[in-house]
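Participant: Please find the sequence and the predicted model below.
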Amino acid sequence: MMLGALLLAVALAAAPQAHETPSPAAPVAVETAPASSPSAADAESHAATPPAAEAHAPADEGHGGAAEILMHHVTDEAAYRPFGLPFIFPGKHLFFLIFVMGLVIVAARVSIAGYKNGAPTGIGSAVETLVVFVRDEIAMKNIGHDGAKFTPLLLSFFFFILFAALFGLVPFTGTSTGNLSVTLALASISFVAQQYAGISKYGVAGHFKNLVPHGLPAPLLLVMIPIEILGMFTKPFALMIRLFANMLAGHMMITALLMLVPLSAQISQTLGIIMIPISLGMALFIMCLEVLVAFIQAYVFTLFSAIFIGMYAHPSH
Amino acid sequence: MDNPTGLAYLAAGIGSGLAIIGGGLGIGKLAASAMEGIARQPNASGEIRGAMIVAAGLIEGATLFALVIMILLVIK
């Protein structure tokens, strides 16, 4: 662990030279580092750096400063090698999106196959608890008697978001829901379901008439209709941003806390070693919080989808 | 201005702090009222908790809108 932290410190210390392309002196400074007269800036950046030859290797791989490592951890990669396997997949988040989708389908099939004489066995018992919770506490409570029709959709939302968030906590993987495009797709499905709930019940004209309460005075309609149409799109937009930001923020926090070690090792090696238990402790705490957040976000996304579907299925009169 | 990127970082830092103050105050007030409600009426704790999570989610959503703008400021 300590060795890893020190190697990261080496990579960070080497970073300023690798990324200061506008100043031509910087690459030269690396070459001449072992020489007898280093400049003031050079001495500072080499404080935690053993020989310059070692500093070259990580810098050549394209790792930048702290901010760049942070962003690299959470952003998508166009050409991704899953788990170091010898093939390239077009996109890190795409790979884990498909992977988690498969995982959810397999888990569902395994739990269904585990039923013996109408009673669940093994993993099915745990899944059944969640399924009954989503059906009774989320779907039926917020959508009413139409809830059964939307329960499969809400269950898909719940288990996909839960699995994606939990799987993203495994080292060397990525969280597909930490990508704005993925949450956009989820929110779009939710939007279509909301509109379908209203249109299938009242027809297109009836659905749009239901947006505003009946019997409003005409001047108020001028304000209410644009607000309601805007609200139609704001609801899934809020779902999209909420899930994305929650998934992104947790991973950024963990990376930033782990980054404290190399950053303080840049100041002095002793400080870096002192920082290791502090940094690991705080990162572990956020990691445990992330497990909780995975469940809460899966619940909240499903709950809000159900509330909005119920809102269009049973408009206020 | 010599370095507009630095100003963007400064704006993101100050802005996220302000957004968190608002969100923290909102959720804190909400949780305080919910606790009080549960203490007065322990039978209704389940319903109060459900309503609290919905309201907390809405406040959190508004805060996150601001924070996403800060992230966009930094990575731009």
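Facilitator: Right, received. Where do you want to start?

Participant: For the stretch 51-200 of chain A, give me the ranges with low pLDDT.
Facilitator: The stretch 51-200 of chain A contains residues with pLDDT under 70 at A:51-64.

Participant: where does it come near chain B, residue by residue?
Facilitator: Proximity of the stretch 51-200 of chain A to chain B is confined to A:67, A:71 under the rule CB under 8 Å from any CB of the partner chain. To be clear about C-beta, it is placed using only N, CA and C from the backbone, and glycine gets the same treatment.

Participant: cutoff 7 Å now
Facilitator: Residues of the stretch 51-200 of chain A lying near chain B by CB under 7 Å from any CB of the partner chain: residue A:71.

Participant: which ones are touching the residue in the stretch 51-200 of chain A that chain B sits nearest to?
Facilitator: Nearest residue of the stretch 51-200 of chain A to chain B: residue A:71, at 6.5 Å (CB to the nearest CB). Going by CB atoms under 7 Å, 6 or more residues apart in numbering or on different chains, residue A:71 touches residue B:75.

Participant: Got the confidence number for residue 5?
Facilitator: I'll assume chain A. For residue A:5, the pLDDT comes out at 39.

Participant: wait, chain B
Facilitator: For residue B:5, the pLDDT comes out at 79.

Participant: For residue A:215, give me the backbone phi and psi.
Facilitator: For residue A:215, the backbone dihedrals (degrees, to the nearest 10) come out as phi 80, psi 30.

Participant: got the buried residues for the helix or strand harbouring residue A:100?
Facilitator: Using DSSP states H and E, residue A:100 falls within helix A:92-113. Of all the residues in helix A:92-113, those buried under the rule 16 or more other CB atoms under 10 Å in any protein chain shown are A:92-97, A:99-100, A:103-104, A:108, A:111.

Participant: For that helix, name the packing helices and strands.
Facilitator: If you count contacts as 3 or more CB pairs under 7 Å, 6 or more residues apart in numbering or on different chains; DSSP states H and E, helix A:92-113 packs onto helix A:123-133, helix A:147-168.

Participant: Buried deepest among these, which one?
Facilitator: For the helices and strands packed on helix A:92-113, the largest average neighbour count (mean count of other CB atoms under 10 Å in any protein chain shown) is found in helix A:147-168, namely a mean of 21.

Participant: Can you name the residues in contact with that helix?
Facilitator: With CB under 7 Å, 6+ apart as the test, helix A:147-168 has contacts from A:96, A:100, A:103-104, A:131, A:134-135, A:138-140, A:143, A:173-178, A:186, A:193, A:243, A:247, A:291, A:294-295, A:297-298, A:301-302, A:305-306, A:309.

Participant: how about a cut-off of 6 Å?
Facilitator: Defining contact as CB atoms under 6 Å, 6 or more residues apart in numbering or on different chains, one finds that helix A:147-168 is touched by A:100, A:103-104, A:134-135, A:139-140, A:143, A:173, A:175-177, A:193, A:294, A:298, A:301-302, A:306, A:309.
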